[in-house]
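> Dropping the sequence and predicted coords here.
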Number of protein chains: 2
Amino acid sequence: MRIPILKLHNYLLVSIQIDLDDQSAIEFQEDLLNKIHKSGSTGVVIDLTSVDIIDSFIAKVLGDVVSMSDLMGAKVVLTGIQPAVAMTLIELGIHMQQVSTALDLEQGLIKLRQELEE
Amino acid sequence: MRIPILKLHNYLLVSIQIDLDDQSAIEFQEDLLNKIHKSGSTGVVIDLTSVDIIDSFIAKVLGDVVSMSDLMGAKVVLTGIQPAVAMTLIELGIHMQQVSTALDLEQGLIKLRQELEE
């Protein structure tokens, strides 16, 4: 099953609540980029609260999604990153320099609004 | 895979973007009621934009979810109901009298806010 992407005003909201396997991660990447293109969204919040652990492949896909969305003109905010996920991302050298993070979905939307209004 | 339920402020957002089979409909019902209980949410928006067609079992589960959420103190707004889905619901006698509807997720949230502030 594909991960649902919700459109709210100019933003897209995604909550990842399954363990991503390689296939669904790739599908998610495609779906998100297509939806950014179709909807003309300027911001994306990806909520990882329910993701306990990620492997190197998923970490790379996630890093790529952020860069690709950025290239398409949509700012990404990652929310709810758990300790183990943060450790994996940093250990793999995926520093996500241009990515903003926030505690939860609400804070992520607030951050997105602030950054896009600047 | 279970349908992700997003929490935004006092509300829960759900976008159903798969064809619900009986098992996932029942799981969704359980998950939503549990999440209402845990989060103390006062409103729920269920977006059906991507649902083309429903059968009698799913229609009944959907009607039940609305009544059950209501009983637990959470107001449900259904959004993006397509013609075929509307026809199935009415033909099956599921009139959803106490349920509000709206065109899309944004309108659904606005409606929820209005009704809960009344």
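That came in fine, so what should we check first?
> the helices in chain A, which residues?
Assigned helices in chain A, in chain order: A:22-39, A:56-71, A:83-91, A:105-117 (criterion: DSSP state H).
> do you know which of the ones you listed lies nearest chain B?
Set against chain B and scored by CB to the nearest CB, the helices of chain A come closest in helix A:105-117, at 5.7 Å. In short, each C-beta sits where N, CA and C put it, glycine included.
> quick check: mean pLDDT across that closest one?
For helix A:105-117, mean pLDDT is 91.
> Repeat that for stretch A:52-60.
Summarised as a single mean, pLDDT over stretch A:52-60 is 91.
> Need the distance between the two termini of that stretch.
Using CA to CA, to the nearest Å, one end of stretch A:52-60 lies 16 Å from the other.
> re earlier: TSV please, covering the helices of chain A and showing mean neighbour count and distance to chain B.
Converted to TSV, the helices of chain A look like this (neighbours: other CB atoms under 10 Å in any protein chain shown; distance: least, CB to the nearest CB, whole Å):
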stretch	mean neighbour count	distance to chain B
helix A:22-39	15	8
helix A:56-71	17	16
helix A:83-91	14	17
helix A:105-117	16	6
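> export those to JSON lines and tack on distance to A:L8?
JSON lines is the format used below for these (distance: least, CB to CB, whole Å):
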{"stretch": "helix A:22-39", "distance to A:L8": "10"}
{"stretch": "helix A:56-71", "distance to A:L8": "16"}
{"stretch": "helix A:83-91", "distance to A:L8": "24"}
{"stretch": "helix A:105-117", "distance to A:L8": "8"}
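> Low-confidence bits of chain A, can you list those?
A:97-98 (pLDDT under 70).
> From the centroid of it, which residue is nearest?
A:I46 (3.5 Å; CA atoms, centre = their mean).
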